[in-house]
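In: Make a model of this:
(one chain, ligands or ions: 3)
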Amino acid sequence: MHLAIIMDGNGRWAEKRGLKRVEGHKKGAEVVKEITAYCANNPEIEILSLYAFSTENWKRPKMEVDFLMKLLDNWLKKELETYIKNDVKFETIGDISKFSDKLKKRIEYTKEKTKNNKKLTQILALNYGSRDEITRAVKKLISKNEEITPENIQKNLDISRDVDLLIRTSGEIRISNFLLWQIAYAEMFFTKTLWPDFNTNELEKIINEFKKRERRFGGI
Ligand code: IPE
Ligand code: IPE
Ligand code: MG
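Out: Residues are numbered from 1 along each chain as shown. Ligands and ions are numbered 1, 2, ... in the order given. Next comes the predicted model:
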């Protein structure tokens, strides 16, 4: 199954504790580690897509954006070992061309070192926006002179696999430009838990609820 998560609520988690927003992002990164390890050990989950930075997140204060970029760089450096140990393949979706050369190199290096890992594919959505992704896919088709069909659009997205289960933390009931095409028939769960408080127990409960849902895909 393809599990996708909108990891939201880091800032509020920190503010509630009188901490700076960036402290929430740090704690959030630890939760990514825990959830990824759980997914790697759950044979039902093949792909874990995590919304880490949206095309709209550039609107935030420069200090927060810079912190997130630095956090990602440090994270990939520190966690390469864990990706290898847990047999997790690292991939990204989104347009990373706007990132610094240093960060782009780090991302490419991590992909290269983990490309043969098999237990789980973890996809970080970085400078990702669904509208941008779909627009780029259509542009690719036009430049290759291929027919504009739903199948061809899907094949040219950053990720073609449909989402089975979408979770958003922090109580917001919205999609915020995440995987709009791929969630056409996804089952959705919204939890009030802030991302830094999310854990494998809650994930397991949601997965159990997901299994009880009857998915019809338009049939009967
Ligand atoms: C999600 O947490 C992480 C990113 C968008 C990078 P937020 O930073 O959006 O936290 P809130 O929603 O302001 O609490
Ligand atoms: C969505 O969260 C993006 C990520 C989790 C990376 P936001 O906090 O940016 O979304 P809005 O602004 O509440 O819709
Ligand atoms: Mg938010």
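
In: Below-threshold pLDDT in this protein: ranges please.
Out: Of all residues in the chain, none has pLDDT under 70.

In: Considering only it, name the residue that lies closest to ligand 1.
Out: Gly11 (2.9 Å; Cβ to the nearest ligand atom). Any C-beta I mention is one placed from the backbone N, CA and C, and that applies to glycine too.

In: Give me the nearest residue to that residue, chain neighbours excluded.
Out: Arg21 (4.1 Å; Cβ to Cβ, 6 or more residues apart in numbering).

In: One more: Ile134?
Out: Trp181 (6.0 Å).

In: surely the one you found meets Ser130?
Out: Yes. Between Trp181 and Ser130 there is a contact under Cβ atoms under 8 Å: 6.6 Å.

In: Compare the two and say which is more crowded by neighbours.
Out: Ser130 (23 against 18; other Cβ atoms under 10 Å).

In: Contact partners for Trp172?
Out: Actually, residue 172 is Glu. It isn't Trp. With contacts defined as Cβ atoms under 8 Å, 6 or more residues apart in numbering, Glu172 is in contact with 8, 190.

In: quick one: it from Lys89, how far?
Out: Noted for Glu172: a distance of 30 Å to Lys89, by Cβ to Cβ, to the nearest Å.

In: ok so, going back, got the contact list for the residue nearest to Gly11?
Out: So Arg21 contacts 10-11, 14-15, 64 (Cβ under 8 Å, 6+ apart).

In: So which of those sit within helices?
Out: 10-11, 14-15, 64 (DSSP state H).

In: Any quick PyMOL command for the buried ones out of those?
Out: Selection of buried members from these for PyMOL, criterion 16 or more other Cβ atoms under 10 Å:
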select buried, resi 10+11+14
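
In: Now distance to ligand 2 too, for the ones in helices among the contacts of Arg21, in JSON lines please.
Out: Below are the ones in helices among the contacts of Arg21 laid out as JSON lines (distance: Cβ to the nearest ligand atom, whole Å):
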{"residue": "Asn10", "distance to ligand 2": "8"}
{"residue": "Gly11", "distance to ligand 2": "8"}
{"residue": "Ala14", "distance to ligand 2": "13"}
{"residue": "Glu15", "distance to ligand 2": "13"}
{"residue": "Glu64", "distance to ligand 2": "11"}
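
In: Check the ones in helices among the contacts of Arg21 and tell me the two furthest apart.
Out: The span of the ones in helices among the contacts of Arg21, defined through Cβ to Cβ, is set by Glu15 and Glu64 at 12.7 Å.

In: The residue lying closest to Met1 once chain neighbours are set aside: neighbour count?
Out: Distances taken as Cβ to Cβ, 6+ apart place Asp164 nearest to Met1, at 4.3 Å, with adjacent residues excluded. Asp164 sits with 20 neighbouring residues when counted by other Cβ under 10 Å.

In: list the contacts for Asp164?
Out: For Asp164, the contacting residues are 1-3, 186-187, 210, by Cβ under 8 Å, 6+ apart.

In: Report how many residues lie close to the residue in the chain that ligand 2 sits nearest to.
Out: Residue nearest to ligand 2 within the chain (Cβ to the nearest ligand atom): Ser176, separated by 3.7 Å. By other Cβ under 10 Å, 14 other residues sit near Ser176.
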